[in-house]
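> Attaching a predicted model along with its sequence, questions to come.
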Amino acid sequence: VQLVESGGGMVQPGGSLRLSCAASGFTFSSYDMSWVRQAPGKGPEWVSAIDTDGESTYYADSVKGRFTISRDNAKNTLYLQMNSLKPEDTALYYCARAYWDGSNWKVFGSWGQGTQVTVSS
């Protein structure tokens with residue numbers, strides 16, 4: 001299993017970025033997927049999830065209305081479009097396989113190296 005995140009960078013507040021996650025080594029289209037982020041000095045925070053065919057999407061309240069998760073199963077790639085970025089969105093962003101445990105989204109398996117997003121003026 002390999003997950004390679006890309007697309008991070010430094011942007012000003014209000015700016016946009018599009019993250020990508022290239023997946024290999026497993027049947028991508030068979031798994032729900034999530035984005036998770038970790039800010040300096042804090043624990044991981046679940047950001048968003050998408051079901052296997054991309055029909056259903058889910059977001060943390062902190063990003064709802066600003067971020068959009070999507071996937072291209074033909075390309076084995078997960079995306080996160082981030083708009084109206086805020087300084088509090090600064091974090092290392094990871095993608096991972098996910099499942100719904102009845103109460104929350106959980107991630108499992110290996111993660112990639114992450115892609116850094118920094119929002120600062």
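Done, it's in.

> Residues in a beta bridge with the residue nearest the centre of the chain, which ones?
Nearest to the geometric centre of the chain sits Trp35, at 2.4 Å (C-alpha atoms, centre = their mean). For Trp35, the beta-bridge partners are Ser48, Cys95 (DSSP bridges).

> Could you list the single helix or strand in this structure with the lowest mean pLDDT?
Using mean pLDDT, DSSP states H and E, the weakest-scoring helix or strand in the chain turns out to be strand 105-108, at a mean of 95.

> Name the residues of the helix or strand following that one that come out as buried.
Later in the chain than strand 105-108, the nearest helix or strand by DSSP states H and E is strand 115-119. Across strand 115-119, burial judged by 16 or more other C-beta atoms under 10 Å covers 115, 117, 119. C-beta coordinates here come from the backbone N, C-alpha and C atoms, glycine included.
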